[in-house]
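Undergrad: what shape does this take:
(chains A, B and C)
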Amino acid sequence: MTSDVQLATRPADVSARDRVDAAKNLVVSFVLNGKPLSVAVAPTELLADTLREGLGLTGTKVACGTGDCGTCTAILDGEAVRSCLMLTAMVAGKTVETIEGLAGESDIHPIQQAFIDTGAVQCGYCTPGMILAAKALLDENPKPSADDIKEAISGNLCRCTGYTKIIEAIDKVANAVA
Amino acid sequence: MSATGIGAAVRRKEDYRFITGKGQYTDDISRPGQTHIHFLRSPHAHAKITSIDTASAKTMPGVLAVLTGADLAGDKIGNLICGWMIHSKDGTPMKMAPHPAIAHGKACYAGDPVAVVIAETLGQARDAAEKIEVDYEVLPAVVDPAKTQEAGAPQIHEVAPQNTIFQWHLGEAAAVDAAFASAKHVTKLDIVNNRLVPNAMEPRAAIGEYDSGTQNFTLWNTTQNPHVARLVIAAFVGMAPEHKLRVIAPDVGGGFGSKIFIYPEEVVCLWASKKVGRPVKWVCERAEAFLADAHGRDHVTHAELAFGEGGKMTALRAKTIANLGAYMSTFSSSIPTYLYATLLSGQYDLPAIYCEVDAVYTNTVPVDAYRGAGRPEATFVVERLVEVAARELHMDPVELRRKNFVKSFPHQTPVIMNYDVGDYDASMRKAMEIADVNGFAARRREAEKRGKLRGLGYSTYIEACGIAPSQAVGSLGAGVGLWESAEVRVNPTGSVEVLTGSHSHGQGHETTFAQLVSERLGIPIENVSIVHGDTDKVQFGMGTYGSRSGAVGMSAIVKALEKVEAKAKKVASHLMEAAESDIVFKDGQFTVAGTDKSAAWADVALHAYIAHKFTGAQLEPGLKEGAFYDPTNFTFPAGCHICEVEIDPETGSTTIVGWTAVDDFGTIINPMIVEGQVHGGIAQGVGQALMENAVYDKDGQLMSGSFMDYSMPRAENLPPLKIDTTVTPCPGNPLGIKGCGEAGAIAAPAAVINAITDAIRTENLAMPATAPAVWAAVRAAAPALAAE
Amino acid sequence: MRPFHYERAATPAAAVKMAGTTPMSPDQPSVATPVQYLAGGTNLLDMMKIDVMRPDRVVDINAIAETRHGGIEVSDDGMWLGALARMAEVAEHADVKHRFPVIAQSLTLAASQQLRNMASIGGNVLQRTRCPYYRDTSYAECNKRDPGSGCAALGGFNRMHAVLGTSKACIATYPGDFAQALIALDARVEITGAHGHRSMAFAELHRRPDDEPHMETRLAPGELITAFTIAALPWARRSKYLKIRDRESYEFALASAAVALDMDGDIVREARIALGGVATVPWRASAAEHEIQGKRLDERALAAAAEAAFADARVFEHNAFKIALGKRTLTRALRETAAMET
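TA: Numbers count the residues shown, from 1 in each chain, chains lettered A, B, ... in the order given. The predicted structure follows:
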């Protein structure tokens, strides 16, 4: 049914209980940060690992691996998702945005600028996920309330900032005079 | 004040790489040919390891080596150590048990590494680890610090009978007893300071690499103090001579103390890299981090505060049991002693203090410094006692505090510290004004109409930062000096690199340190780079913790800058053919007094290097100076935090509706960064007070071992914070800095609990004050308030 | 994660057919079913990463979201929710919020925005318990994972465990929120399998642990939830989900109540109550409903309902607080629901 997934033959040893790294027998095509590409992955491969290890886009972080912290946030077809709980196979035919795709050729994104201007960055580890969660929010709801902002980033942990300046940064973008 | 100098809210120079995803953390680094290591950890809290069979694991695909504690011992790799000697009151030294990087013969906590697998991929390493057959003889475990010293409790280490590491004390027992005997009022509290998991967002990671050609080791590591790591791994673990080991701490994603320590994993990665002849990479997973990172706090305390006439404090005594876990971590012994009992005077003029501390082993993850480290525990004891005393004495908690504040400086406390400067009442007054304390009664009545309980809580905290005068800490048992180093390298074009022994893992040193240089040298901040975190680049330094980078690290830069300036004036005098004493340096320009001769900074820098205007006999070429700065005293940041809560008595749910912090950090370099530090500290303190708790079951299994089970503060848990400052510059260092990194975490827990107990009118409430706990306390104290 | 064979299905029929090619025993623990359907993956992939679930085959059914089964249909007769609709889509749907508020609230109060964007509602009702002894395979004792092995939670740290519907074999709490809302609105669940389509009352889907905690639902191996249906009952609009947690966001419930009331003035004509966070399965509190039906919702009736809801509760070492908390949650939910403007 889908032209963008090509299933190779089933690996011979898949039923064996001994785990081995499965062959990269799946070719997945998707649009990443505006550019179409195809990657060969194992069925088990998670999107976060494809981005970090396969494609060298290490802005996506994995701080928990269980979907609880939001450092692995990516934007899939316009919505913020967890790339650590998503098989790369699942993004076939879809559009993925990561932090590396946010800045334009000459300018950084207004959310990125607001994070700098308000002092919303400390150690920087949660920052890409926070910015992407904020972008997904503002793309859908350009004038969010403070509660909307808190809800949008409630799945993103930050241990440094106490969230205050992050909320301020997002609010600043939303309420900037155009 | 210039736009980029001291006091300006300069945007952070480091941010561009973080907001674009270009930060380079240890896990982002891949070395050619790197292999992956998996640590097999003991599932039991206490067990004899009777045998380990690695034969079938070694035959698994991709496996390069399977190593155990026996292999480590066979290679004469030394144990991990605790670097601060504490003596018990009977004069005996602390009972430091051997701590091998891989358990040998016995596992002492659930999570203790028992074997490692190095393989081509992480998946292969994990698969092979499942084939390692470990025979355990499970032993009874003890996790409760209050029970580990009991007769019949399982003994964890041979060297420590009754699991007691030391029984230490500080202060004058006789004077305290006398004061209590004649007291008009005594307030008593039993306090548990809950165990916390630091949970920096970046999990720890290490890459060990051995170059057989040069016999050099390199370690990429998530550490707050790369030189100390190198020193310990070289001198105590014995991995390699210090000059053959390079430690690199690239971008580090938060530390909060947990990345100070020298852990088993980095030692094993280095050792294994030589064994397999290839780089070995370890990245901690979050579930593993809950078992592999040192925890914080975990005190059980009984404390009493004596009063004479009219609410005057006369003495304080405390008896604390401090849980240090299964092994003594790097600085664990100093936390519940010299970083705790020395702060029990708080902001108060307390004539007599006596504190006894028993440090104990349990079958739990080792416990060491976590943001605040001892000082939050002390502040919680003092500020809870004061608040409860005010209620018992029917006094205004503000008046009781004011009556007892230290008002003249310097002030010698009975517990070592000599407070240099402060104005505690000024901070409190300002905080009360911002928090609209006068309007509280009306807000409380309004809340009552809605069926809600309102409470207001204060925390007037003090901390000892700027750690620390080396000779003083040496006399107290420290194994190292706690000075800091800096080197200022001026390039021929006039741009500047500062090599600092401090380390930034979120604090923004690349900006604040550059602000100092920009202001002092009058050059654009863009022309300054801060270099840190690489032992091959930077001279020996002590790293970042204890709010020391401003007070100590920047002071070292000031010293180096003074030397650079002095040298530059010499160069300028040759360049402009004037007497050195006539050279004036201001705003990046050298001028000759009384003339119109001038030379720009960059010209002088260039001439320092081309050396055309002076001979070698007159002046050394070049412009590069180093300095070591050893502080003469601790610094004493202090302030007042006021927390206002509203509680739903039906559910016990607490909402923080207002937070005011007025802190005296001395001179502030960058107010935006300082605010962020205060915000983050408060968030961690609120987390401790309301939700965070590391819970063990009776068998020694950590039950709160994931973000699902260990509640971290999220965006919705924190109120808007009102932050302000008062300033009494610190007289002890050239910039007047006191430090700000830990204040929030130190002040916040007492403010929250004082507010909640004010609202529910009972003191019987332990941290974390979760909704069910608050509801139970309300019901026990005032059944009518708590609907069933 | 262990290797598996990955396939994609674009229709429920295709999915069921793919799954049917692997023989599956009806007695196998739910968690050990060798073929798993993959929708949002938020629970399945988590369970696979921690090695509790080790399917040989994963059938990716996300393409079904392109069909009717990814949609939401609201009419005068009620509502039909395709199982592949995402939690966020349902939670943010204007008609759902307005006409079936308990549904929207139960979804909004669960997880985080990112997870709600990913997770399907069909998968949501099947999410596995958070019992730490179940989730950590280093504990040998877990009857849910390994029938007959015992229950480590009984004598362990059981603050988060259930007080209703427990058995000697298992006390694990059902972790979800949406399921309680479905029960409060008498929802039915549509299922397709190798033997065709069927439907059942949603309240029948989950099985109490009894002697077989490894049998979590009444789904036969290979069966797939395709939709939920909710009739436009008179109490749907006056419905509410109240959730009490250790912190206000992003947390599983300590206690929750889904309540729907049909009021005649201040008299309760009809009531539906389902409890969460306190029970082994999404829990319909029929005895509590009985206490208030036909009555004025005064303090006495509220107290009687709360008593009845927890009359059969059984507490363990660390979770006694859940009875009092559960009662308070229920009475508040009833009071607030009765006060709703509809």
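Undergrad: measure the nearest residue in space to B:Ala107 that is not next to it in sequence to B:Cys284 for me?
TA: With sequence-adjacent residues excluded and distances taken as CB to CB, 6 or more residues apart in numbering or on different chains, B:Ala107 is closest to B:Ser42, at 3.4 Å. Any C-beta I mention is one placed from the backbone N, CA and C, and that applies to glycine too. B:Ser42 is 16 Å from B:Cys284, where distance means CB to CB, to the nearest Å.
Undergrad: of the two, which one has the most company?
TA: Taking neighbours as other CB atoms under 10 Å in any protein chain shown, B:Ser42 and B:Cys284 compare with B:Ser42 leading, 26 against 21.
Undergrad: can you list the domains in chain A?
TA: Domain assignment for chain A, taken from automatic domain parsing, gives A:5-98, A:110-174.
Undergrad: out of those, the one nearest C:Met215 is which?
TA: Minimum separation from C:Met215 across the domains of chain A (CB to CB) falls at domain A:5-98, 23.6 Å.
Undergrad: next, the nearest residue to B:Ile682 once chain neighbours are set aside: secondary structure please.
TA: The shortest distance from B:Ile682 to any non-neighbouring residue, by CB to CB, 6+ apart, is to B:Gly744 (3.8 Å). Under DSSP: H, G, I helix; E, B strand; the rest coil, B:Gly744 falls in the helix class.
Undergrad: give me phi/psi at B:Ala326?
TA: Dihedral pair for B:Ala326: phi -80, psi -30, per degrees, to the nearest 10.
Undergrad: report how many residues lie close to it.
TA: Neighbour number of B:Ala326 under other CB under 10 Å is 29.
Undergrad: likewise the one 10 residues further on?
TA: Residues within reach of B:Pro336, counting by other CB under 10 Å, total 32.
Undergrad: B:Lys570 now?
TA: 18.
Undergrad: also B:Leu619?
TA: Neighbours around B:Leu619, by other CB under 10 Å: 16.
Undergrad: report the contact partners of it.
TA: B:Leu619 is in contact with B:570-571, B:574, B:611, counting by CB atoms under 8 Å, 6 or more residues apart in numbering or on different chains.
Undergrad: check B:Ala605 too.
TA: Neighbours of B:Ala605 in contact, by CB under 8 Å, 6+ apart: B:490-494, B:568, B:623.
Undergrad: which residues of the stretch 651-788 of chain B lie near chain C?
TA: Listed as neighbours of chain C in the stretch 651-788 of chain B under the rule CB under 8 Å from any CB of the partner chain: B:651, B:653, B:690-691, B:695, B:697, B:699, B:701, B:703, B:705, B:708-709, B:711, B:713-717, B:770-772, B:775-776, B:779, B:787-788.
Undergrad: mind giving me the ChimeraX command for buried ones among these?
TA: This is the ChimeraX syntax for the buried subset of those, where burial follows 16 or more other CB atoms under 10 Å in any protein chain shown:
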select /B:651,653,690,691,695,697,699,701,703,705,708,709,711,713,714,715,716,717,770,771,772,775,776,779,787
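Undergrad: just checking, the residue nearest to B:Ala107 touches B:Tyr109?
TA: Yes: counting by CB atoms under 8 Å, B:Tyr109 is a contact partner of B:Ser42 at 7.3 Å.
Undergrad: picking up where we left off before, pick the most buried one from the domains of chain A.
TA: Of the domains of chain A, the one with the most neighbours on average (mean count of other CB atoms under 10 Å in any protein chain shown) is domain A:110-174, at a mean of 24.
Undergrad: so which residues make contact with the helix or strand harbouring B:Phe18?
TA: Element membership for B:Phe18 (DSSP states H and E) is helix B:15-19. Identification of contacts with helix B:15-19 by CB under 8 Å, 6+ apart yields A:99, A:108, A:112, A:115-116, A:121, A:124, A:127-128, A:131, B:22-24, B:251.
Undergrad: so which of those residues are in strands?
TA: Per DSSP state E, strands hold no members of the contacts of helix B:15-19.
Undergrad: so which of those residues sit within helices?
TA: Those of these mapping onto helices are A:112, A:115-116, A:127-128, A:131, per DSSP state H.
Undergrad: and which of the residues you listed is nearest to B:Val421?
TA: Closest approach to B:Val421 among the ones in helices among the contacts of helix B:15-19 (CB to CB): A:Ile116, at 34.6 Å.
Undergrad: re earlier: what's the PyMOL line that selects buried ones from the contacts of B:Ala605?
TA: Per 16+ other CB under 10 Å, the buried members of these correspond to this PyMOL selection:
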select buried, chain B and resi 490+491+494+568+623
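Undergrad: check the closest residue to chain C within chain A and give its pLDDT.
TA: Among the residues of chain A, A:Gly155 lies closest to chain C, at 2.3 Å counting by CB to the nearest CB. Per-residue pLDDT puts A:Gly155 at 94.
Undergrad: mind checking the end-to-end distance for stretch A:50-68?
TA: Criterion CA to CA, to the nearest Å; first-to-last residue distance in stretch A:50-68 is 20 Å.
Undergrad: average pLDDT across it?
TA: Mean per-residue pLDDT for stretch A:50-68: 96.
Undergrad: quick one: it to chain centroid distance?
TA: Averaging C-alpha positions (CA atoms, centre = their mean, to the nearest Å) puts stretch A:50-68 8 Å from its chain's average.
Undergrad: so that stretch, near chain B or not?
TA: Yes: for stretch A:50-68, a contact with chain B is found by CB under 8 Å from any CB, at A:52, A:57-66, A:68.
Undergrad: rank the domains of chain A by mean pLDDT and give me the bottom one.
TA: Lowest mean pLDDT of those: domain A:5-98, a mean of 85.
Undergrad: and the residue positioned nearest the centre of chain A, what element?
TA: Nearest to the mean C-alpha position of chain A, counting by CA atoms, centre = their mean, stands A:Ala74 at 1.4 Å. In this structure, A:Ala74 sits in strand A:73-76 according to DSSP H and E.
Undergrad: how about chain A: which residue is closest to chain B?
TA: Residue nearest to chain B within chain A (CB to the nearest CB): A:Gly59, separated by 1.9 Å.
Undergrad: can you map out the strands along chain A?
TA: Under the criterion DSSP E, strands of chain A are mapped to A:5-7, A:26-32, A:35-41, A:73-76, A:79-82, A:95-97.
Undergrad: pipe those into TSV and attach distance to B:Glu646 per row.
TA: Compiled in TSV, the strands of chain A are given as follows (distance: least, CB to CB, whole Å):
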stretch	distance to B:Glu646
strand A:5-7	53
strand A:26-32	47
strand A:35-41	51
strand A:73-76	32
strand A:79-82	31
strand A:95-97	40
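Undergrad: to C:Ala110, which of those lies closest?
TA: Proximity to C:Ala110, assessed across the strands of chain A by CB to CB, is greatest for strand A:79-82 (14.5 Å).
Undergrad: correct me, but C:Tyr37 touches C:Val16?
TA: No: contact between C:Tyr37 and C:Val16 fails when scored by CB under 8 Å: they sit 9.4 Å apart.
Undergrad: overlap in contacts of these two?
TA: With CB under 8 Å, 6+ apart as the test, C:Tyr37 and C:Val16 both reach C:Leu224.
Undergrad: which one's more surrounded, those two?
TA: For C:Tyr37 versus C:Val16, neighbours defined as other CB under 10 Å are more numerous around C:Tyr37 (29 against 24).
Undergrad: give me every residue that touches the more buried one.
TA: By CB under 8 Å, 6+ apart, the residues touching C:Tyr37 are C:15, C:19, C:58-59, C:61, C:123, C:224.
Undergrad: who's B:Phe166 bridged to?
TA: Using DSSP bridges, the beta-bridge partners of B:Phe166 come out as B:Ala359.
Undergrad: does chain B sit close to the lengthiest helix in chain C?
TA: For chain C, the helix that runs over the most residues, judged by DSSP H, is helix C:321-338. Yes: interface with chain B: helix C:321-338 contributes C:321, C:324-325, C:327-329, C:331-332 (CB under 8 Å from any CB).
Undergrad: any buried residues in that helix, and which?
TA: Neighbour-count burial for helix C:321-338, counted by 16+ other CB under 10 Å, picks out C:321-334, C:337-338.
Undergrad: thanks a lot, see you next time.
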